[in-house]
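Participant: predicted model and sequence follow; I will ask about them next.
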Amino acid sequence: MSLIVQKFGGSSVADAESIKRVARRIVATREQGHDVVVAVSAMGDTTDELIDLAHQITDRPDPREMDMLLTTGERISMALLAMAIKSLGHEARSYTGSQAGMMTTAKHGDARIVEVTPDRLRDALDDGAIAIVAGFQGFNRDSKDITTLGRGGSDTTAVALAAALGAELCEIYTDVDGVFTADPRVVPKAHKVTVVTFEEMLELAAAGAKVLHIRAVEYARRHGVTLHVRSSFADKEGTLVVAERGENMEEPVITGVAGDLSEGKITVIGVPDIPGKAAEIFTLVAATGANIDMIVQNVSASSTGVTDISFTLPKSDGELVLGALRAAKDAVGFADLAYDDNIGKLSVVGGGMRTNAGVSAQLFTALFEAGINIEMISTSEIRISVVTRGDDLTRAMQVVHSAFGLDGDVEAVVYAGTGR
């Protein structure tokens, strides 16, 4: 028997009928002769509702108690799913993250997996049972506390279980048919790709593609876990995420277009253009724990001897970083700060960019012809990202998608509307 790990997101287990449908799919895999381990998210919008409930109690929920609260969502769905599988005549056992051996760091709300000891899951499989694991959560040995893994936690749980158990495949079930050339909610003519490399998927995830979280993709790449992104709403072949394409498969110039509205831009105005000032600024930023994305420094005018430095970061970190910089204004010696939270980041990604010239020109021409201004540019070997006005991002994605010939013949199907 081969072992397959399956992950079902919140939209796939949103209600009782959805859970029954997922149970039938799991049982079908089992009846094909596979051992099955399942990681499951909380039902529908349960996590968001629990967060809202906590904030009705207090403006500053205690991180430890918040983790205790949020992990109840996955416990509900894992138990209901086990019941549904048993009603179909198969043995199933549900486990919390700690029972499944997910050992993590102690940081509440954003813990990292440090070890997986899936002994109880192996015992269940040996007994012929399907093991159902609550995603998004783990246990810290030192503090003895329950922890949560943060964004993409259920994806990461599934990949970590697949790596620890030596699974043949990790299937990520969502509400679209696989990885598309763009978010089909934004670009209706986006089409599904058959194969994407870890390298491309990491760039797409970092650029805002929501179908897979970057932490899960990186974990899979590091441990050699093949991913299969599929829809839980239709029995269609999805997208394989692999280390490299087959020998007879040529890399597309552009694999996909991604957009991100979650970032803001800080501009530090009037920075003395002398060695060490950029280091001072970004040391202050690093101390806040914020992750910087794009950075642009203007050329200083010889008459003034000062320059401006702009960088993008998650909007959730904006005020914290602004506060740290304001407190150090006199020490660093800059003139002022500006913050813009109405920006959008558009990225084009493709392994074929290494060997094909003119991608930048084609991208910039498409945006120019659509009347969309570029504010910042960042590149890697297989990615080009630009910052535009946030209000222009949807149109920018659509025109760039068309400009690179990525439009499909029919509109993509989104079954539940969330992308998870």
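Facilitator: Okay, I see it.

Participant: strands of the stretch 1-150 of the chain, residue ranges please.
Facilitator: Taking DSSP state E, counting those that start in this stretch as the test, the strands found in the stretch 1-150 of the chain are 3-8, 35-40, 92-95, 102-104, 113-116, 130-134, 137-139, 146-148.

Participant: can you lay out those as CSV showing mean pLDDT and distance to K20?
Facilitator: In this view, the C-beta of every residue, glycine as well, is placed from N, C-alpha and C. What follows is the strands of the stretch 1-150 of the chain, written out as CSV (pLDDT from 0 to 100; distance: least, CB to CB, whole Å):
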stretch, mean pLDDT, distance to K20
strand 3-8, 97, 12
strand 35-40, 98, 14
strand 92-95, 98, 13
strand 102-104, 97, 27
strand 113-116, 96, 29
strand 130-134, 98, 14
strand 137-139, 96, 24
strand 146-148, 97, 27
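
Participant: nearest to L212, of the ones you listed?
Facilitator: strand 3-8 (10.2 Å; CB to CB).

Participant: which elements pack onto the closest one?
Facilitator: Counting contacts by 3 or more CB pairs under 8 Å, 6 or more residues apart in numbering; DSSP states H and E, strand 3-8 is packed against helix 16-31, strand 35-40, helix 153-165, strand 169-174.

Participant: hmm, 10 Å instead?
Facilitator: helix 16-31, strand 35-40, helix 119-126, strand 130-134, helix 153-165, strand 169-174, strand 227-231 (3 or more CB pairs under 10 Å, 6 or more residues apart in numbering; DSSP states H and E).

Participant: can you give me the helices for this structure?
Facilitator: 16-31, 46-57, 63-87, 119-126, 153-165, 198-206, 214-223, 277-287, 318-327, 329-332, 359-369, 393-403 (DSSP state H).

Participant: now the shortest one: average pLDDT?
Facilitator: Mean pLDDT, taken over the full extent of helix 329-332, equals 94.

Participant: where does the prediction get shaky in the chain?
Facilitator: 1, 248, 301-303, 416-420 (pLDDT under 70).

Participant: with mean neighbour count and distance to F198 added, can I get the helices and strands packed on strand 3-8 in a markdown table?
Facilitator: Below are these laid out as a markdown table (neighbours: other CB atoms under 10 Å; distance: least, CB to CB, whole Å):
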| stretch | mean neighbour count | distance to F198 |
| --- | --- | --- |
| helix 16-31 | 18 | 24 |
| strand 35-40 | 29 | 19 |
| helix 119-126 | 16 | 25 |
| strand 130-134 | 29 | 23 |
| helix 153-165 | 28 | 11 |
| strand 169-174 | 26 | 13 |
| strand 227-231 | 23 | 8 |
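
Participant: what's the closest of the ones you listed to A106?
Facilitator: helix 153-165 (15.6 Å).

Participant: what's the closest of the strands of the stretch 1-150 of the chain to G371?
Facilitator: Of all the strands of the stretch 1-150 of the chain, strand 3-8 sits nearest to G371, with 41.5 Å by CB to CB.

Participant: what strands line up against the closest one, and which way round?
Facilitator: Sheet pairing for strand 3-8, assigned by DSSP bridges, gives strand 35-40 (parallel), strand 169-174 (parallel).

Participant: now render those as a markdown table, adding distance to T312.
Facilitator: As requested, the strands paired with strand 3-8 are exported to a markdown table (distance: least, CB to CB, whole Å):
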| stretch | distance to T312 |
| --- | --- |
| strand 35-40 | 32 |
| strand 169-174 | 27 |
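
Participant: out of the strands of the stretch 1-150 of the chain, which is closest to V242?
Facilitator: Across the strands of the stretch 1-150 of the chain, V242 has its closest neighbour in strand 3-8 (16.0 Å, CB to CB).

Participant: distance to D308 for the helices and strands packed on strand 3-8 - can I get that in JSON lines?
Facilitator: Output for those, formatted as JSON lines (distance: least, CB to CB, whole Å):
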{"stretch": "helix 16-31", "distance to D308": "51"}
{"stretch": "strand 35-40", "distance to D308": "46"}
{"stretch": "helix 119-126", "distance to D308": "54"}
{"stretch": "strand 130-134", "distance to D308": "48"}
{"stretch": "helix 153-165", "distance to D308": "38"}
{"stretch": "strand 169-174", "distance to D308": "41"}
{"stretch": "strand 227-231", "distance to D308": "41"}
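
Participant: who wins for proximity to F334 among the strands paired with strand 3-8?
Facilitator: Across the strands paired with strand 3-8, closest to F334 is strand 169-174 (CB to CB), at 44.5 Å.

Participant: send the alpha carbons of that closest one over as PDB?
Facilitator: Taking C-alpha atoms only, strand 169-174 is exported to PDB below (Å, rounded to 0.1, in the frame of the first residue of the first chain):
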ATOM      1  CA  LEU A 169       1.900  12.300  -2.300                       C
ATOM      2  CA  CYS A 170       0.400  15.200  -0.400                       C
ATOM      3  CA  GLU A 171      -2.900  16.200  -1.900                       C
ATOM      4  CA  ILE A 172      -4.000  19.800  -1.100                       C
ATOM      5  CA  TYR A 173      -7.800  20.100  -1.800                       C
ATOM      6  CA  THR A 174      -9.300  23.500  -2.300                       C
END
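
Participant: quick check: angle from that strand to helix 214-223?
Facilitator: For strand 169-174 and helix 214-223, the angle between their directions (axes from the mean of the first three to the mean of the last three CA atoms, to 10 degrees) works out to 170 degrees.

Participant: can I get the strands of the stretch 1-150 of the chain in a markdown table including distance to T388?
Facilitator: Output for the strands of the stretch 1-150 of the chain, formatted as a markdown table (distance: least, CB to CB, whole Å):
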| stretch | distance to T388 |
| --- | --- |
| strand 3-8 | 33 |
| strand 35-40 | 36 |
| strand 92-95 | 45 |
| strand 102-104 | 38 |
| strand 113-116 | 36 |
| strand 130-134 | 40 |
| strand 137-139 | 37 |
| strand 146-148 | 34 |
